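Asks: Any chance you could fold what I've pasted below:
(one chain, ligands or ions: 1)
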Amino acid sequence: MQQPRYLVPGDYMADPSAHVFNGRIYIYPSHDWESGIPENDNGDHFNMKDYHVFSLDDVENGEVTDHGVVLRTEDIPWAGRQLWDCDVAHRDDKYYMYFPLKDQNDIFRIGVAISDKPEGPFIPEENPMKGSYSMDPAIWHDEDGEYYMYFGGLWGGQLQRYRNNKALECAILPEGNEPALCPKIVRLSKDMLGFDEEPRDIVILDENGKPLTAGETERRFFEASWMHKYNGKYYFSYSTGDTHNICYAIGDNLYGPFTYKGVILSPVVGWTSHHSIVEFKGKWYLFHHDSVPSGGKTWLRSMKVVELEYNADGTIKTIEGTASK
Ligand code: FUB
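Replies: Numbers count the residues shown, from 1 in each chain. Down below sits the predicted model:
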């Protein structure tokens, strides 16, 4: 694949989570729109209110099918506002969509909605997942047969409001040489509707085996967790948020620790960067977004795909983002 490909030129779609179901790529993005809410560090301008599902059978040239609206805030009993990055898992004969949404107290929780088909529509549960908090869920189906959720995000994602899975009186964001806040992992229950354990920290180490610090903003975790496996190793990838990189770290265990390895995607046009990585028909792809088509409006993002390549030692070749072009 020579050039990145914008997948839905007629609309604004971001945070694409891509999976192969029934031999086809299904993409679960956030649906950006012009809500008129001014931009701030809390992400209030990302005021999304529904999801579409897309699918295709040829990443490089195939027609992209829009399966239409599959879930809306008005159908979710506990909804406040802001449907952010979702993900979908397949277990037995059902598809489970995991979505972050602020409840009526403006606290991010993670909800589940269920469908018989990968293209939806998805029917939401009455309540958010018990014990859930923060945002950006990414589901990993491991070879051990279990399903795991990686999640968390700073600033508007509210992770700094919690420690040890408990809400703090006041948010605390570590600084300088203090250890960076960690993304979380939790094993899902067999019915896919709850947590089967307490969420645990995902620790990202530097080349000397020391946890990354809050001050290492070019490479510490901010949001947008994703997991994939390559040549027997677990690759945890994520966005560095305010420094706009998509980075990755490699480990031998899905709970970590992971060792930082480098940048997958350098900054794109627009504040956020968010991605997913999937293998399809013998090639690896990076689904992501930028704000080039909207002329740089950070809240109007367009999803795209480009081939992702590995070096012989298992490291990933850095892809140049649109901010430097
Ligand atoms: O789309 C809203 C938020 O922006 C996502 O949840 C973050 O990962 C960032 O892409």
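
Asks: Helix, strand, or coil at the residue nearest the centre of the chain?
Replies: Against the mean C-alpha coordinate of the chain, by C-alpha atoms, centre = their mean, the closest residue is residue 224 at 3.8 Å. At residue 224 the chain is in strand, as set by DSSP: H, G, I helix; E, B strand; the rest coil.

Asks: From what I see, it and residue 152 are in contact.
Replies: No. Residue 224 lies out of contact with residue 152 (C-beta atoms under 8 Å); the separation is 9.6 Å. Where you see a C-beta, it was placed from the backbone N, CA and C, and this is true even at glycine.

Asks: circling back: let me know the pLDDT of the closest residue to the residue nearest to the centre of the chain other than its chain neighbours.
Replies: Closest residue in space to residue 224, ignoring its immediate chain neighbours: residue 239 at 3.9 Å, by C-beta to C-beta, 6 or more residues apart in numbering. On pLDDT, residue 239 comes in at 98.

Asks: what are the bridge partners for residue 239, then?
Replies: Note on residue 239: beta-bridge partners residue 223, residue 246, judged by DSSP bridges.

Asks: Equivalent analysis for residue 141, please.
Replies: Beta-bridge partners of residue 141, as defined by DSSP bridges: residue 147.

Asks: which residues do residue 224 and residue 152 both contact?
Replies: Common neighbours of residue 224 and residue 152 (criterion: C-beta atoms under 8 Å, 6 or more residues apart in numbering): residue 136.

Asks: Could you list the contact residues of the stretch 1-150 of the chain toward the ligand?
Replies: The interface of the stretch 1-150 of the chain toward the ligand, taken as C-beta under 6 Å from any ligand atom, is made up of 14, 15, 30, 46, 84, 85, 135, 136.

Asks: what does the stretch 151-300 of the chain give?
Replies: Residues of the stretch 151-300 of the chain lying near the ligand by C-beta under 6 Å from any ligand atom: 153, 223, 224, 272, 274.

Asks: For the first one, what are phi and psi?
Replies: Same thing as residue 153. phi -170, psi 140 (degrees, to the nearest 10).

Asks: Please read off the pLDDT at it from the model.
Replies: pLDDT for residue 153: 98.

Asks: Can you verify my assumption that it contacts residue 138?
Replies: No. The pair residue 153 / residue 138 is not scored as a contact, 11.1 Å apart, by C-beta under 8 Å.

Asks: of those two, who's got more company?
Replies: Applying other C-beta atoms under 10 Å to residue 153 and residue 138 shows that residue 153 carries more neighbours, namely 28 against 25.

Asks: now the more buried one: how far from residue 130?
Replies: 20 Å (C-beta to C-beta, to the nearest Å).

Asks: what does residue 14 give?
Replies: For residue 14, the distance to residue 130 (C-beta to C-beta) stands at 28 Å.

Asks: okay, those two: which has more neighbours?
Replies: Higher neighbour count among residue 14 and residue 130: residue 14, with 26 against 10, using other C-beta under 10 Å.

Asks: Please name the spatially closest residue to that one (chain neighbours excluded).
Replies: residue 301 is the one closest to residue 14 (C-beta to C-beta, 6+ apart), at 3.7 Å.

Asks: same thing with residue 180?
Replies: Going by C-beta to C-beta, 6+ apart, residue 180 has residue 220 as its nearest residue, at 3.9 Å.
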